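In: Below is the structure, and that's it, no one-letter string:
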């Protein structure tokens with residue numbers, strides 16, 4: 001990924017085209033959250049449920065991003081901090097539930113995992129293509145890109161997990177992928193929070209007192 005923490009002015013989301021793209025991506029992510037969570041329960045797949053949670057996080061992230069477009073730096077950094085903390089909590093939840101499953105390991109249904117993972121991958125590739133031109137923005141805009149990227153990576157991982165489950169007839173590949181995805185949540189949370197705090201410090205240093 002290209003850097004986005006330089007001193008140059010960054011895109012803040014004030015664009016009708018960007019807003020339209022966000023609305024489309026919100027609809028895609030909300031739909032896939034419902035589909036993938038249901039499929040995760042049906043297939044008894046922790047990786048699918050973790051990926052569904054990522055879809056929910058994305059829909060929330062995009063909605064908040066739309067709400068604060070054109071707002072003050074303080075409001076935008078507050079929104080980014082909220083989204084970073086939300087990703088942190090999701091990562092902790094996935095880690096915890098995965099550890100629980102280690103002591104109660106069932107074998108997920110590989111066919112459902114693979115089919116739904118592929119459908120989710122197509123959805124996220126569409127989202128990534130819609131948002132790629134806006135990937136280098138402020139903390140608020142960048143959080144949108146990071147969440148889209150997470151989903152695409154997560155979908156590929158779920159499909160590998162499905163292959164692993166099918167090949168080994170065990171649930172361990174599913175749990176391993178869920179753990180990796182939790183780590184991705186935590187990494188993205190760190191990046192978003194760090195950039196938001198840096199932008200907040202820059203605002204204070206330049207004397208921009210906004211409400």
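Out: Great, that's in hand. Because the structure is predicted, anything quoted here is derived from the model rather than measured.

In: where in this protein is pLDDT low?
Out: 1-14, 100-107, 135, 137-140, 150, 207-211 (pLDDT under 70).

In: got the contact list for residue 56?
Out: 29, 30, 33, 37 (Cβ atoms under 8 Å, 6 or more residues apart in numbering). In short, each C-beta sits where N, CA and C put it, glycine included.

In: Please read the previous query as pertaining to residue 158.
Out: Contacts of residue 158 by Cβ under 8 Å, 6+ apart are 45, 47, 48, 51, 113, 116, 117, 120, 177.

In: report the longest helix in this protein, please.
Out: Using DSSP state H, we find that the single longest helix of the chain is helix 172-205.

In: tell me what it is packed against?
Out: helix 46-68, helix 73-102, helix 139-168 (3 or more Cβ pairs under 8 Å, 6 or more residues apart in numbering; DSSP states H and E).

In: can you put the ones you listed in a markdown table and add distance to residue 202?
Out: Output for the helices and strands packed on helix 172-205, formatted as a markdown table (distance: least, Cβ to Cβ, whole Å):
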| stretch | distance to residue 202 |
| --- | --- |
| helix 46-68 | 17 |
| helix 73-102 | 8 |
| helix 139-168 | 11 |
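
In: right, so of those, which gets closest to residue 131?
Out: helix 139-168 (5.4 Å; Cβ to Cβ).

In: Helix 172-205 and the closest one, what's the angle between them?
Out: Using axes from the mean of the first three to the mean of the last three Cα atoms, to 10 degrees, the inter-axis angle of helix 139-168 relative to helix 172-205 is 170 degrees.

In: Centre of the chain to helix 139-168, how far?
Out: Helix 139-168 has its C-alpha centroid displaced from the chain centroid by 9 Å (Cα atoms, centre = their mean, to the nearest Å).

In: Name the residues of that helix that come out as buried.
Out: 139-162, 164-166 (16 or more other Cβ atoms under 10 Å).

In: Which one of the helices and strands packed on helix 172-205 lies nearest to residue 206?
Out: Closest to residue 206 of the helices and strands packed on helix 172-205 is helix 73-102 (Cβ to Cβ; 9.6 Å).

In: what's the next secondary structure element after the closest one?
Out: Using DSSP states H and E, the helix or strand that follows helix 73-102 towards the C-terminus is helix 110-131.

In: sorry, back to before: neighbour-wise, which of the contacts of residue 56 leads?
Out: The residue in the contacts of residue 56 with the most neighbours, by other Cβ atoms under 10 Å, is residue 29 (26 neighbours).

In: Verify the contact between that one and residue 62 for me.
Out: Yes: counting by Cβ atoms under 8 Å, residue 29 does reach residue 62; the two are 6.9 Å apart.

In: got any residues that touch both of these two?
Out: What both residue 29 and residue 62 touch, as defined by Cβ under 8 Å, 6+ apart, is an empty set.

In: For the residue most central in space within the chain, give its distance to residue 73.
Out: When the chain is reduced to its mean C-alpha position, the nearest residue by Cα atoms, centre = their mean turns out to be residue 147, at 2.9 Å. Distance, residue 147 to residue 73, using Cβ to Cβ, to the nearest Å: 21 Å.

In: same deal with residue 62?
Out: 20 Å.

In: These two: who's more crowded?
Out: residue 62 (27 against 21).

In: Give me the phi and psi angles of residue 28.
Out: phi -60, psi -50 (degrees, to the nearest 10).
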